[in-house]
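J.: show me how the following folds:
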Amino acid sequence: MKKILGIFLIIITVLSCNSQKKYSDFDISYSRSGGFAPTYENLLIKGNDAHYSFEGQGKKLKKSFKVSNDDLKKLDETLSKNNFRRIQEDHKKVYDNVTTSINIKKGANEGTKSDGSMIMPNFTTNWENIVAGFQEIINNNVKN
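T.: Below is the predicted model:
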C-alpha cells in the first residue's frame, strides 16, 4: 500500500510541475494586474503559440491560440519603432494602480519594462503604442 501511495505522489508531483511549464517557458510576455478591483490579464508567447488568461470583473477566461508570423513581425516592428529598450521607468511609488509589464526574452528588443511606478513622461507615447500592439493581438484572437 505504501508503494502505491508513493508512486501516486510521484505521479502527481511530476504532473503538477509539468503543467506550469507553458507559463515559465516563453519568448514574450505581457501582463496587466492590480487596481482597486484587481484584474489579472496575461499573454505568453513562445514561437507562434500563445496562451492568454484573464481573471477579474466576474470573468475567468483561458485560451490558447496561434499567433501569425505577420503579427509577430508587426509586434517586433512596434517594439523597435518605439524604442522598447530605451523606455525609462519612473521610480515613484504608486499604489492601487493597474500595472502593465512586458518581458521580451529574445531578439533585438530583449528586456523587461513595467509601468508600475509610471513611465517617464517623454516615453509615455512609445509605451502606449507598444501596449496597443499587444492589445491588438489579444483583441484579434480572443473573443470575450
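
J.: buried residues in stretch 93-100?
T.: For stretch 93-100, the neighbour count (16 or more other Cβ atoms under 10 Å) marks 98, 100 as buried. For the C-beta atoms, the positions are set from N, CA and C on the backbone; glycine is no exception.

J.: can you dump the C-alpha coordinates of that stretch into CSV?
T.: This file holds the C-alpha atoms of stretch 93-100, laid out as CSV (Å, rounded to 0.1, in the frame of the first residue of the first chain):
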residue,chain,number,x,y,z
LYS,A,93,5.7,54.6,-5.5
VAL,A,94,2.1,54.2,-7.0
TYR,A,95,-0.5,52.2,-5.2
ASP,A,96,-3.8,50.7,-6.4
ASN,A,97,-2.7,51.2,-10.0
VAL,A,98,-3.2,48.7,-12.8
THR,A,99,0.3,47.7,-13.7
THR,A,100,1.4,46.6,-17.2
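
J.: give me the mean pLDDT for it.
T.: In this model, stretch 93-100 has a mean pLDDT of 79.

J.: show residues contacting it.
T.: Applying Cβ atoms under 8 Å, 6 or more residues apart in numbering, the contact partners of stretch 93-100 are 30-36, 39, 114-118, 131.

J.: same question, stretch 69-89
T.: Stretch 69-89 is touched from outside by 28, 45, 48, 102, 104, 107-111, 113-120, 123, 125-127, 129-130, 133-134, 137, 140, with contacts defined as Cβ under 8 Å, 6+ apart.

J.: what about burial for those residues, which qualify?
T.: With neighbours counted by 16+ other Cβ under 10 Å, the contacts of stretch 69-89 contain buried members at 28, 45, 102, 104, 109, 113, 115-116, 118-119, 123, 126-127, 130, 133-134, 137.

J.: quick one on the thing from earlier: in helices, which of the contacts of stretch 69-89 fall?
T.: With helices identified by DSSP state H, the entries of these that belong to them are 125-127, 129-130, 133-134, 137, 140.
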